[in-house]
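please work out how this folds:
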Amino acid sequence: MMDWITSPEAWAALVTLTAMEIILGIDNVVFISLVVQRLPPAQALRARQVGLSAALGLRIALLFALSWLIGLQQDLFTAFGHAFSWRDIILIAGGGFLIAKATHEMHGALEGEDESEEAGSPATYVQRAFMAVVVQVILLDLVFSVDSILTAIGMAEHLAIMVMAVIIAVSIMFVASGPLSTFIAAHPTTKMLALAFLVLIGVTLVADGFGAHISKGYIYAAMAFSVMVEMLNVSASGRRRRRIAARQAGEGR
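Numbering: from 1, shown residues only. Modelled structure (predicted):
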């Protein structure tokens, strides 16, 4: 049962599968980092813990239900010349939710939000916002979990390898989500870029659900290029602020 431990092929499969799970988890990390922005630091940390714990639990549960999961790929009905399965429906619903959520956040960032209209005490508002964040994260966890586990099937022969890969990947996602959330909060322009990423990911999920597969390599390459450009912009902006501060300090002497 555990003879795979001495197999170099099994360890190679573990490394490959872990790397793939981390790459597929980028979408999840970006979403979690964005939705916790409205929460106080302590609540944001707790929301990330609950959300990623749910992601870990969902992924492991799906691994132990492989036969049911594979059944999600069986055709249910045909429309517009395409046979739809439960997997397609989940991807379309999840992609549509991502597009709607990111568009709503973009509208709020551009138009401004009047928090005074929120009913109830600040504590009630924080609790309600926390529950909303957790529910949204769990719903998207389900979509991303189904997608990543279906992709992982066939890459490893042993269930233990797949479970270990998921645990390692989710642990890395948790470590990365904190600094990413802090960075987005400190640099507002990156929030709009991250929201644009979510719209792109949502469109990709919907397209995949309708049978138009878009290689995620293209998506991640575009995201990486945009991030590099934004890093240059953030660096230039920081140097500009330091020069202005130094000039003002010199004039004040």
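
residue 77 looks like it's in a strand, true?
Yes: judged by DSSP: H, G, I helix; E, B strand; the rest coil, residue 77 forms part of a strand.

now the residue nearest to residue 137 when sequence neighbours are not counted: how far from residue 231?
Closest residue to residue 137 in three dimensions, ignoring its sequence neighbours and counting by Cβ to Cβ, 6 or more residues apart in numbering: residue 51, at 3.4 Å. Placement of C-beta: from N, CA and C, glycine included. In this structure, residue 51 and residue 231 are separated by 26 Å, where distance is defined by Cβ to Cβ, to the nearest Å.

between the two, point out the one with more neighbours.
Counted by other Cβ atoms under 10 Å, residue 51 and residue 231 do not tie: residue 51 has more neighbours, with 26 against 12.

which SS state does that one fall under?
Secondary structure for residue 51, judged by three-state DSSP, is helix.

list the contacts for it?
Residues touching residue 51, when contacts are defined by Cβ atoms under 8 Å, 6 or more residues apart in numbering, comprise 32, 133-134, 137-138, 141.

and if you look at residue 170?
21, 25, 52, 55-56, 59.

could you dump the residues you listed into JSON lines and include neighbour count, pLDDT and secondary structure?
JSON lines is the format used below for the contacts of residue 170 (neighbours: other Cβ atoms under 10 Å; pLDDT from 0 to 100; DSSP: H, G, I helix; E, B strand; the rest coil):
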{"residue": "21", "neighbour count": "24", "pLDDT": "74", "secondary structure": "helix"}
{"residue": "25", "neighbour count": "24", "pLDDT": "73", "secondary structure": "coil"}
{"residue": "52", "neighbour count": "22", "pLDDT": "80", "secondary structure": "helix"}
{"residue": "55", "neighbour count": "27", "pLDDT": "76", "secondary structure": "helix"}
{"residue": "56", "neighbour count": "20", "pLDDT": "81", "secondary structure": "helix"}
{"residue": "59", "neighbour count": "25", "pLDDT": "79", "secondary structure": "helix"}
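
which of the residues you listed lies closest to residue 240?
Sorting the contacts of residue 170 by how near they are to residue 240, with Cβ to Cβ, puts residue 25 at the top with 34.5 Å.

now do the SS call for residue 162.
helix.

distance of it relative to residue 77?
Relative to residue 77, residue 162 is positioned 31 Å away (criterion: Cβ to Cβ).

please identify which of those two sits among more neighbours.
Taking neighbours as other Cβ under 10 Å, residue 162 and residue 77 compare with residue 162 leading, 26 against 9.

so the more buried one touches residue 17, yeah?
Yes: applying Cβ atoms under 8 Å, one finds residue 162 in contact with residue 17, separated by 6.5 Å.
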